[in-house]
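**Student:** sequence unavailable; structure follows:
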């Protein structure tokens, strides 16, 4: 538990040192084909990201209920999800750091999130997408190529999804 709290603190501290409007300078390089890994939903069911990646444009936010940047980014995520509904999949990847499925369920009852909420219980997605912190967002085109990455509360997620949807 102490190690988890230290990791949570390190992630939160790292978020403070990254420019809130940073884009395309963190995580997976632009043009990289994303690796589809298996994660879970909050009911413990396996979810293979291959059912989304390479099939349609996808936007993934690495999220935590305790992440202030994620909370501030939430209206932008909602607006982008609404604008691109039916044309892109929005995934909220809950990291398994200092939160539980139960605490996440309680949180989203009061603060609904757009898109599909997934649980990265073993950190597979965090490693595969080279997520440096929470509020990290990756947009993939329909072929599974990275067209955008960024961190912080001031990301233009509608523009990121536009890149993903219009990529050839």
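**Tutor:** All right, it came through fine. Just so you know, these numbers come straight off a predicted model, no measurement behind them.

**Student:** what residues does the host helix or strand of residue 162 touch?
**Tutor:** In this assignment (DSSP states H and E), residue 162 forms part of helix 157-166. The contact list for helix 157-166, computed with Cβ atoms under 8 Å, 6 or more residues apart in numbering, reads 23, 57-59, 73, 76-77, 79-80, 83-84, 87-88, 137, 139-142, 147-148, 150. Any C-beta I mention is one placed from the backbone N, CA and C, and that applies to glycine too.

**Student:** try 10 Å
**Tutor:** 23-24, 30, 56-59, 61, 73, 75-84, 87-90, 137-142, 145-150, 156 (Cβ atoms under 10 Å, 6 or more residues apart in numbering).

**Student:** among those, name the ones in helices.
**Tutor:** Taking DSSP state H, the ones among the contacts of helix 157-166 that sit in helices are 73, 75-83.

**Student:** tell me the one of the residues you listed nearest residue 48?
**Tutor:** Relative to residue 48, the closest of these is residue 81; by Cβ to Cβ it sits at 21.4 Å.

**Student:** surely that closest one is in contact with residue 59?
**Tutor:** Yes: counting by Cβ atoms under 10 Å, residue 59 is a contact partner of residue 81 at 7.9 Å.

**Student:** what sits in contact with each of these two?
**Tutor:** Residues touching both residue 81 and residue 59 (Cβ under 10 Å, 6+ apart): 88-90, 92, 114-115, 157-158, 161.

**Student:** show the pLDDT at residue 14.
**Tutor:** Residue 14 is assigned a predicted lDDT (pLDDT) of 45.

**Student:** quick one: contacts for residue 39?
**Tutor:** Per Cβ under 10 Å, 6+ apart, neighbours of residue 39: 45-49, 91, 93-94, 96, 118-126, 128.

**Student:** what's the span of stretch 139-149 from first residue to last?
**Tutor:** With Cα to Cα, to the nearest Å applied, stretch 139-149 spans 6 Å between its terminal residues.

**Student:** and what of stretch 147-159?
**Tutor:** Note: stretch 147-159 ends 11 Å apart using Cα to Cα.

**Student:** do the same with stretch 30-48
**Tutor:** Taking Cα to Cα, stretch 30-48 runs 22 Å from one end to the other.
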